[in-house]
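A.B. asks: got a predicted model here, sequence first, then my questions.
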Amino acid sequence: MTTKPPRGYDFYIGQGDDLEDFNVVMQGADGTPTDLTGASIGFRLRHALSTTLAIDAAGSVGVDPTAGEATYEWGAGETDTLSGIYYAQFTATLSSGDVVHFPNARWLRVWAQPSLGGV
């Protein structure tokens, strides 16, 4: 039997993996990228069946801030206990002081594939 992650997820990661960064384009409801020049980025992740955050950490502005690129780089050991369905959200505090959440109409859905044993 093969286990496949459910469809409709925004990001997939294997338990214990930390190589692939979580990249997004922060944009408004009309699809226009948010200019992140001078912004600070936050990243939050929680299991779908919990109200406790698994991760509450700083992200970073991507290579092209005017294109709304933001990223979260997994820390060493940070995904070792992740397994199952998670919700994620990026937050940008813009240089103007305004705060923007992405996405703002739903959470990003993350699938963390359980390890077969030993991370």
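C.D. replies: Cool, got the structure. Numbers count the residues shown, from 1 in each chain.

A.B. asks: so, low pLDDT: which residues of this protein?
C.D. replies: 1-6, 118-119 (pLDDT under 70).

A.B. asks: start to end distance for stretch 71-85?
C.D. replies: 20 Å (Cα to Cα, to the nearest Å).

A.B. asks: so which bits of that stretch are buried?
C.D. replies: Buried positions in stretch 71-85, judged by neighbour count with 16 or more other Cβ atoms under 10 Å: Thr71, Tyr72, Glu73, Trp74, Glu78, Thr79, Leu82. For glycine as for every other residue, the C-beta is placed from the backbone atoms N, C-alpha and C.

A.B. asks: touching, the fourth one and Asn23? I think so.
C.D. replies: So that's Trp74. No - in this structure, Trp74 is not within contact of Asn23 by Cβ atoms under 8 Å, at 11.8 Å.

A.B. asks: quick check: the farthest pair among the buried residues of stretch 71-85?
C.D. replies: Farthest apart among these by Cβ to Cβ are Thr71 and Leu82. That separation is 17.8 Å.

A.B. asks: confirm that Thr66 sits in a helix.
C.D. replies: Yes - under DSSP: H, G, I helix; E, B strand; the rest coil, Thr66 falls within a helix.
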